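1. With the input below, show me the fold.
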Amino acid sequence: MQPFEIIFDKFKFISAKSFEYLPIAIIALTLIFLTYFMQKLWVKVVSRGFEKIGLRSTLKELAKKLISVGIWSIGIIIVCPLLFPSVTFGHLFTALGLSTVAIGFALKDVFENFIAGIMILARETFTINDLIACNNFEGRVEKITIRDTHIRRSDGHRVIIPNAILYKNPVKVSSPVEQYRITLSCTISYENAVETVKNAIEKAIKKTPHLCDKNKTNVYAQNFSSGAIDYQIEIWLSKSIPQNQCIHSLICQIQSALKAAHITIMQPYFSISPPHIR
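-> Residues are numbered from 1 along each chain as shown. Model prediction:
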């Protein structure tokens, strides 16, 4: 019977202690819920305040994340001494200082991406829907978080890039615009006068539908090649019209115009340098 008595005594001791700590546990749980609701409340208040003053969306997201981290940190610092009476605020700050060094070495990459994310959001290096290119990554920005940035490539795949890579390397940013310019090149025989070729191409451009700002179109001889002259054609397209459709119509018009003027197109017929905006 002695083993059962020992177990029964231990159970009574644990039960008594549990009832002693029950009010403290309820208070701690209440403080945790209060911290949660305070975090939600302050995020809403700050969001509405930033909307009224017209602050950038990236700065709003950064402020909301920092406020959330700050409120939860204060809540945890208050709750810990309640649950563990032997732990004082001095112990917490001492442990925090020592653990920061150890965690800093262990999670160096995480903190590096965290700081880089704050700098990207604060400086607004790029925003949602911008087209960016960095190293071998290129795509449209879908989401920017504290740790990483999500982009959607032209083939539909999503790529998640750590913010440290975007912060430490050159990034090419193409902001969304209503109109954009592309460049086409074609090679014409020496037998045709430059002005004749230019006039024929300009007439073809004027007949091509869906082009924007046709008066801004540029056609000029670029350089000499083997037995021919290279011409460069700069045109403006609308974002609302598919790029392939516009290029197809333009090439058909140019080919017809050059053929009607008895102008010979040399090899290669056309080369296209599309922009980084789709």
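
2. pLDDT weak spots in the stretch 51-200 of the chain?
-> Screening the stretch 51-200 of the chain residue by residue with the criterion pLDDT under 70, one finds the ranges 54-59, 85-108, 175-178.

3. Please repeat the previous calculation with a cut-off of 80.
-> Low-confidence segments of the stretch 51-200 of the chain, defined by pLDDT under 80, span residues 51-66, 77-111, 114, 118, 121-125, 146, 154-155, 174-182.

4. where does V159 fall, helix, sheet strand or coil?
-> Taken by DSSP: H, G, I helix; E, B strand; the rest coil, the conformation at V159 corresponds to strand.

5. Could you number the chain from 660 rather than 1 from now on?
-> Sure thing, new numbering starts at 660, so read that last one as V818.

6. For this structure, just list every one of the strands.
-> Listed in chain order, the strands of the chain (DSSP state E) span 790-793, 796-803, 807-811, 817-821, 831-833, 838-848, 870-871, 877-884, 887-897, 924-932.

7. what's the closest of those to L725?
-> Nearest to L725 among these is strand 796-803 (14.7 Å), distances taken as Cβ to Cβ. Just so you know, the C-beta spots here come from the backbone N, C-alpha and C atoms, and that holds for glycine as well.

8. Now the closest one: buried residues?
-> Taking 16 or more other Cβ atoms under 10 Å as the basis for neighbour counts, the residues of strand 796-803 that come out buried are F796, E797, G798, R799, V800, I803.

9. Can you get me a residue count around K865?
-> Applying other Cβ atoms under 10 Å, we find 13 other residues in the vicinity of K865.

10. Likewise for I847?
-> One way to gauge burial is a neighbour count; for I847, by other Cβ under 10 Å, it gives 24.

11. same thing with E710?
-> Other residues near E710 number 11, with proximity taken as other Cβ under 10 Å.

12. A722 now?
-> Each residue near A722 was counted by other Cβ under 10 Å, and the total is 18.

13. quick one: it and W701, what's the gap?
-> Going from A722 to W701 by Cβ to Cβ, to the nearest Å gives 10 Å.

14. now the buried residues of strand 796-803 as a markdown table including distance to K865?
-> Below are those laid out as a markdown table (distance: Cβ to Cβ, whole Å):
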| residue | distance to K865 |
| --- | --- |
| F796 | 39 |
| E797 | 34 |
| G798 | 35 |
| R799 | 33 |
| V800 | 37 |
| I803 | 43 |
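
15. For I735, state which of the residues you listed is nearest.
-> Distance to I735 across those (Cβ to Cβ) is lowest for I803, with 26.7 Å.

16. who does the closest one bridge with?
-> Beta-bridge partners recorded for I803 (DSSP bridges): T808.

17. ok, it - contacts?
-> For I803, the contact set (Cβ atoms under 8 Å, 6 or more residues apart in numbering) comprises T717, E720, G776, I779, L780, F785, T786, I787, H809.

18. for stretch 801-813, which positions count as buried?
-> Within stretch 801-813, the residues scored as buried using 16+ other Cβ under 10 Å are I803, T804, I805, R806, D807, T808, H809, I810.
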